[in-house]
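# quick one, what's the 3D model for this:
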Amino acid sequence: MCNSSCHTVQRRLFGQLSETETACRRADKKGGVDALVICGTTGESATLDNDEHIRVLEEAVLAADKRVPIIAGTGSNDTMYAAQLSQHAEALGVDALLMVTPYYNKTSQTGLINHYFYIADRVKTPIILYDVPSRTGTAIKPETYKELSKHENIVAVKEANGDISSIAKTRSLCGDDLDVYSGNDDEIVPIMSLGGIGVISVLSNILPRETHNICEEFFKGNVEKACELQLKYVSLVNALFSDVNPIPVKGSHEHDGSWHGTAQNAPCPDERGSKGKPQKRAYKARTYKINRFCGG
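A predicted model of the protein is given here:
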């Protein structure tokens, strides 16, 4: 995996697959990001059926045409299905696999090792683990990372556990055997300061170049500038997560006209508060705030 990395977790591409082409153009060197994550959380992979999932990945690989690496989200709480989906993605020519921990039917730490090793034994494409306990209810412990890093196909983790102490311990145990990407846009610099190599980002859907610059400045040795940029975008990151991801980021793109895809089983903004009062104005205000911040 490359250093000074900013990977965009692409919003859902199904509906108007021509949008994949736009995404790839934005993700080239002029756009700033180093790779596109397709069918990740922001891409609402959990609501794609198998045919849709494969179709979206296929369209992304074709549209990218080697201009930008494609990281395919192929994780599942079904180990065998995750392996099969990973093999399909590998056959399409993706550059890496992003694999979330099993969710709902949670497993032990030993179960996580068995789950990931089963899949890693059946593909040759590099695997990026994805730890996001706020969504899955399962967290990968540092000692488990140590075991997982022994597999040659398991090369990195998108770490979104929000636990800096745990991340420090993971870095201490794994060293260069496991690369760490920040999975939270408000922790890019803190995680890089512990040896992380970049971010797999939601923010970069809105500000690709600016998000990349946070990483670039840090690795150039301009830590103060990187910190300045990290803090500059705190309010925007908060706005992007003011509702369940990817509701705000999709709303922003609908507002600025860059996205008109139809959604299937997509999450909806909370239009009624706890007292039953309409919340549409608040949702529109958050979307306006995001676009105003970005100059849209």
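
# point out where the stretch 1-150 of the chain drops to low pLDDT.
Applying pLDDT under 70 to the stretch 1-150 of the chain flags the ranges 1-31.

# just the helices in it please.
Ranges of helices in the stretch 1-150 of the chain, per DSSP state H, counting those that start in this stretch, are 19-26, 50-64, 79-92, 109-120, 133-136, 142-148.

# and what of the stretch 151-296 of the chain?
Counting by DSSP H, counting those that start in this stretch, the segments of the stretch 151-296 of the chain that form helices are 164-174, 188-193, 208-219, 223-232, 234-240, 247-256, 280-294.

# got these as a markdown table, with distance to Ala63 and mean neighbour count columns?
Heads up, the C-betas are built off the backbone N, CA and C, glycines and all. As requested, the helices of the stretch 151-296 of the chain are exported to a markdown table (distance: least, C-beta to C-beta, whole Å; neighbours: other C-beta atoms under 10 Å):
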| stretch | distance to Ala63 | mean neighbour count |
| --- | --- | --- |
| helix 164-174 | 34 | 17 |
| helix 188-193 | 27 | 21 |
| helix 208-219 | 16 | 22 |
| helix 223-232 | 29 | 16 |
| helix 234-240 | 24 | 18 |
| helix 247-256 | 17 | 20 |
| helix 280-294 | 24 | 16 |
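
# for those helices, which one sits closest to Ala120?
Proximity to Ala120 (C-beta to C-beta) singles out helix 164-174 among the helices of the stretch 151-296 of the chain, at 15.6 Å.

# distance between that closest one and the chain's centre?
Helix 164-174 sits 20 Å away from the centroid of its parent chain (C-alpha atoms, centre = their mean, to the nearest Å).

# now it: mean pLDDT?
Averaged over helix 164-174, pLDDT sits at 98.

# what's it in contact with?
139, 141-143, 145-146, 149, 157, 159, 161, 178, 180, 187, 190-191, 194-196 (C-beta atoms under 8 Å, 6 or more residues apart in numbering).
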